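quick check, what structure comes out for this input:
(one chain, ligands or ions: 1)
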Amino acid sequence: MSEHALAKRYNSWSALQARKHFWDQTTLLDAFRQDPDRARHYSLTAAGLFLDYSKNHIDQETLAPLLALADEAGLGTAIGQLLQGEPVNNTEGRPALHTALRFQGQAADARQREVAATLEKMATFVTAVHSGNWRGHRDQPITDVVNIGIGGSDLGPRMVTRALGAYHTGKVTVHFTANIDGADLADTLADLHPATTLFIVASKSFSTLETRENAFSARQWTLDGGCAEGDLHKHYVAVSSNVAAAEAFGIAPDNIFPMWDWVGGRYSLWSAIGLPIALAVGMDHFNALRSGAHTMDHHFSTAPLAENMPVLLALITFWYSEFWQAQSQAVLPYAQRLGQLPAYLQQLDMESLGKSVTRDGVAVDYPTGLILWGTEGTNGQHSFHQLLHQGTRLVPVDFIASAKSMSHLHDQHTHLLACCISQSQALLAGKPLAAAREELRAQGLPAARVDELAPHKVIPGNRPSNTLVLEDLSPTSLGALIALYEHKVYCLSVLWGINAFDQWGVELGKQLGTAIHQAMASGECPDNWDASTRQLVNRLR
Ligand code: F6P
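Predicted structure coming up:
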């Protein structure tokens, strides 16, 4: 097999191949036996987050070439370029300055002043809604807020709003609607009243099909509820960088919160796209979320690569992807309120890293973005964990836990944490054949049955995981956690030489969707469409 481009690009490649060979001959348990301090040696604290990465096929001899590879990739310089606002999004000629959205202190330049002014506008709005000064068309206070948006204009605010359930002020209830399936909006509105419901139309482009259709339907619902056209401004605000389109839709200019093209949709929850979060938890907690992220930004920009948490997480994923052929990455938050985290990370990670050409447009001949998936623990244990423990595929896992209980049921929290730890222990240690046989014998089974059953009970072990511990599920911890994954994604893009900040791949489906929608209306499909597509159009008309 000929050497692929990364093997040619990185001098450290052959040293890593040698380390892979080494790990093929030894186990993680051996590594723990040989280094009694292994857990401490491969753990790190940053921005209040504790990372134990010792249950990975990593040691100093493996980390050294990985870090050398990061140097060869120019990762240190690339981090500076991201944070200094250089046009790292080269296909669109833009910076990716989500970090500027969480700057702390006095605004020092025009961009920071714009951010500060928007935060001010958000604070004024949140106060008006919470205090009841913002009135609906029947002069009643707002009780419910519906965010209409999709992708980055939905997943971040939705995930954070749920995660910070312990911090909800209770002044308004925040709902989210995304899907073009009318059932989403209809179900959301079923128990709401037009006179006391406020909508946030969140769309960076203000041209997204789902958001526009949902916004039009919502507006009709408000009008049908007795609101005059002239009073719609009491029920509709928008967040967008396309002010003209928001105004054309009918949003009052004063009700439009700005966004900027230097913020990517999937990195935008720190902007006014975070308005639903601020309405749910209050502006102080929203700012604490920003501040937690800023602390992680500071760590990312100042820590040496060897002690840099996002860098280490990226190198570990790179190692398993390129040398162990891992195709997917599981993220398992052992926190009910982090249940939306995998869905949020799917967009962040897979929309950023699902690329097949380099920054220069050259086709890659190596794997890039992994398939990210997961759900909240312990629910997944009674579902797909079987495959993690006994399946044939290598799936590196990130376990995430909050040390502090977020409910008053503290005993259950101890069970939750015990389950989390036991899963990573089981992946590491497994159950060898001898132990399986012993267990069956101890149950008094006859020898023949022991022979029969033992192979089914073997758990290979030697499977990798990280464990990330948050002190609590607070705004600051959550902000740091999100920023950690944002930066990890960027580091991976640098190692793979791809652009993390465009998403041209989603365009084709949108273009074809428009043409098919027309065909469904007219019944006429172009002859050059494939027979399956024509059949489905005709069947579903
Ligand atoms: O279709 C993908 C996408 O462009 C995402 O990148 C984005 O977050 C989402 O659609 C929503 O876009 P907008 O905020 O412009 O409505």
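
and for residue 435, the neighbour number?
15 (other C-beta atoms under 10 Å). C-beta here means a position set from N, CA and C on the backbone, and glycine is covered the same way.

tell me the mean pLDDT over the helix or strand hosting it?
Per DSSP states H and E, residue 435 falls inside helix 433-442. The average pLDDT within helix 433-442 is 97.

contacts for that helix?
431, 449, 450, 453, 454, 455, 457, 458 (C-beta atoms under 8 Å, 6 or more residues apart in numbering).

so for the helix or strand encompassing the fifth one, what gets flagged as buried?
Here residue 454 sits within helix 447-457, counting by DSSP H and E. Neighbour counts using 16 or more other C-beta atoms under 10 Å place 450, 454 of helix 447-457 among the buried residues.

ok, stretch 414-422 next?
Buried residues in stretch 414-422, counting neighbours by 16+ other C-beta under 10 Å, are found at 416, 417, 420.

name the nearest of the residues you listed relative to the ligand.
The shortest approach to the ligand among the buried residues of stretch 414-422 belongs to residue 420, at 30.8 Å (C-beta to the nearest ligand atom).

give me phi/psi at the closest one?
Backbone dihedrals for residue 420, given as degrees, to the nearest 10, come out at phi -60, psi -50.

that one touches residue 334, doesn't it?
Yes. With the criterion set as C-beta atoms under 8 Å, residue 420 and residue 334 qualify as a contacting pair; they are 3.9 Å apart.

tell me the centre residue of this structure?
The geometric centre of the chain, computed from its C-alpha atoms, lies nearest to residue 345 (C-alpha atoms, centre = their mean), at 1.8 Å.

what's near enough to touch it?
Residue 345 is in contact with 331, 372, 485, counting by C-beta under 8 Å, 6+ apart.

gap between the first one and the ligand?
Spelled out, it's residue 331. The gap separating residue 331 from the ligand is 19 Å, by C-beta to the nearest ligand atom, to the nearest Å.

what number of residues lie near that residue?
There are 23 residues near residue 331, going by other C-beta under 10 Å.

so it: helix, strand or coil?
Reducing the assignment at residue 331 to three states with DSSP: H, G, I helix; E, B strand; the rest coil gives strand.

distance of it from residue 186?
31 Å (C-beta to C-beta, to the nearest Å).

want to throw the buried residues of stretch 414-422 into a markdown table with pLDDT and distance to residue 267?
Listed next are these as a markdown table, based on pLDDT from 0 to 100; distance: C-beta to C-beta, whole Å:
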| residue | pLDDT | distance to residue 267 |
| --- | --- | --- |
| 416 | 97 | 30 |
| 417 | 97 | 31 |
| 420 | 98 | 28 |
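
OK, now which residue of the stretch 301-450 of the chain is nearest to the ligand?
Residue nearest to the ligand within the stretch 301-450 of the chain (C-beta to the nearest ligand atom): residue 351, separated by 5.8 Å.

surely that residue touches residue 504?
No. Residue 351 is beyond contact range of residue 504, at 10.6 Å (criterion: C-beta under 8 Å).

out of these two, which sits in the busier spot?
Legend: neighbour count by other C-beta under 10 Å for residue 351 and residue 504, higher for residue 351 (22 against 11).

just give the nearest non-adjacent residue to the residue in the stretch 401-541 of the chain positioned nearest to the ligand, would you?
Closest approach between the stretch 401-541 of the chain and the ligand, counting by C-beta to the nearest ligand atom: residue 506, at 4.0 Å. Spatial nearest neighbour of residue 506, chain neighbours left out: residue 351 (7.4 Å); criterion: C-beta to C-beta, 6 or more residues apart in numbering.

so what pLDDT did the one you found get?
pLDDT, the model's per-residue confidence, is 98 for residue 351.

picking up where we left off before, now do the phi/psi pair for the residue of the stretch 301-450 of the chain closest to the ligand.
When quoted as degrees, to the nearest 10, the phi and psi of residue 351 stand at phi -70, psi -30.

could you do residue 54 as well?
As for residue 54, its main-chain torsions (degrees, to the nearest 10) stand at phi -70, psi -20.

how much space between it and residue 43?
Residue 54 sits at a distance of 6 Å from residue 43 (criterion: C-beta to C-beta).

of these two, who's got more company?
Looking at residue 54 and residue 43 with other C-beta under 10 Å, you find the greater number of neighbours at residue 54, namely 22 against 14.

so residue 277 sits right up against residue 157, yeah?
Yes. With the criterion set as C-beta under 8 Å, residue 277 and residue 157 qualify as a contacting pair; they are 5.3 Å apart.

hang on, the earlier thing: got the contact list for the residue nearest to residue 506?
Contacts here follow C-beta under 8 Å, 6+ apart; on that basis residue 351 touches 151, 266, 503, 506.

now the buried members of these.
Neighbour-count burial (16+ other C-beta under 10 Å) applied to the contacts of residue 351 gives 151, 266, 503.

now the last one. Nearest residue, chain neighbours left out?
Taking C-beta to C-beta, 6+ apart, and ignoring the residues beside it in sequence, residue 503 has residue 351 as its nearest neighbour in space, at 5.0 Å.
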